[in-house]
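Colleague: Quick one: sequence plus predicted model below, questions after.
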Amino acid sequence: MKIDEAYASLNLIQDFIAPGSSNRPGQKLVPRFITVHNTDNASSNANAAAHAKYQKGADARARKVSWHFTVDDKAAFQSVPTNEVAWHAASSQGNGSSIGVEICMHPEMNVSDAYNKAALLIALLAKRSNIPLPAGIVQHHHWSGKHCPRVLRDKPGGWESFVQSVVIAHNGLEEIEAIDLQAGHDHDHGDAADPVESPDEWRGDHKVIARKGLRLRSGPGTDFSTITILPFGTSVKVLSRMADWVQVQIDPGEGADGFVHSAFVDPLG
Ligand SMILES: [Zn+2]
């Protein structure tokens, strides 16, 4: 499946816990694992939307519980960004290294649709964060000894076949190509915001001047995920500019590798 079609089929809805809430600590997460849970809630209508709503409420704040995604047969609700720690593993090691995915158990759910959606979500997350498979998919049980994910653990071979379905989904993901921006459709607003600068001054070869390194991000803003940290002195080629952000190429060749804040790169000699 092509990556864009895969994302579309998740029906992914971002319904974040408010920043600053006691169950959204705001610590940086570089995910190396994906922790799989079952919700343990077999009540009627205990679906993904209801679990996302729960995480925004007083009980979840008081208990300091949170997780990144809740999946049912219809949708995947995201409650915490994937570059932030959530509290789902009952283990600081688990919370500090993994994205938490809860799979619903309510009676109205089409079970196979829900597990297929969860497998596809985990495959996409693993691809985006370079998490190795199958080693990077773990049970909640792995971190704390809890009997979770209950449904997968109770079914003989259930966990193994779920992991296998993630690997198959992952292997089936096909990259797509970025378009070339067409002449006459220049959406670059940098020149308009800063008319004294000559249009080409900021293009071409630069070096990173941030002493402690510079975050390479997937888009033009701090809301976008960090791809890597570029060390001081790294050579980058600036390709385009969007307000204060520039799109850069790190490795020689065709195409862009990400975005950095323009204040921390300087033209070469
Ligand atoms: Zn769990």
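Modeller: Ah, there it is. Numbers count the residues shown, from 1 in each chain.
Colleague: which residues of the stretch 151-269 of the chain fall in helices?
Modeller: Listed from the start of the chain, the stretch 151-269 of the chain has helices (DSSP state H, counting those that start in this stretch) covering 158-171, 190-193.
Colleague: who in the stretch 101-250 of the chain is up against the ion?
Modeller: The stretch 101-250 of the chain comes close to the ion at residues 140, 148, as judged by CB under 5 Å from the ion. Heads up, the C-betas are built off the backbone N, CA and C, glycines and all.
Colleague: show me where pLDDT drops low in the stretch 101-250 of the chain?
Modeller: Counting by pLDDT under 70, the stretch 101-250 of the chain shows low-confidence ranges at 183-201.
Colleague: can you rerun that using 80?
Modeller: Low-confidence segments of the stretch 101-250 of the chain, defined by pLDDT under 80, span residues 181-203, 243.
Colleague: hmm, back to that, redo the helices of the stretch 151-269 of the chain as JSON lines? Include mean neighbour count.
Modeller: Supplementary listing: these in JSON lines, determined by neighbours: other CB atoms under 10 Å:
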{"stretch": "helix 158-171", "mean neighbour count": "16"}
{"stretch": "helix 190-193", "mean neighbour count": "13"}
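Colleague: I'd like the distance from stretch 165-180 to the chain centre, please.
Modeller: Average the C-alpha atoms of stretch 165-180, do the same for its chain, and the two points are 15 Å apart (CA atoms, centre = their mean, to the nearest Å).
Colleague: hmm, back to that, let's have the helices of the stretch 151-269 of the chain in TSV, adding distance to residue 95.
Modeller: Converted to TSV, those look like this (distance: least, CB to CB, whole Å):
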stretch	distance to residue 95
helix 158-171	21
helix 190-193	39
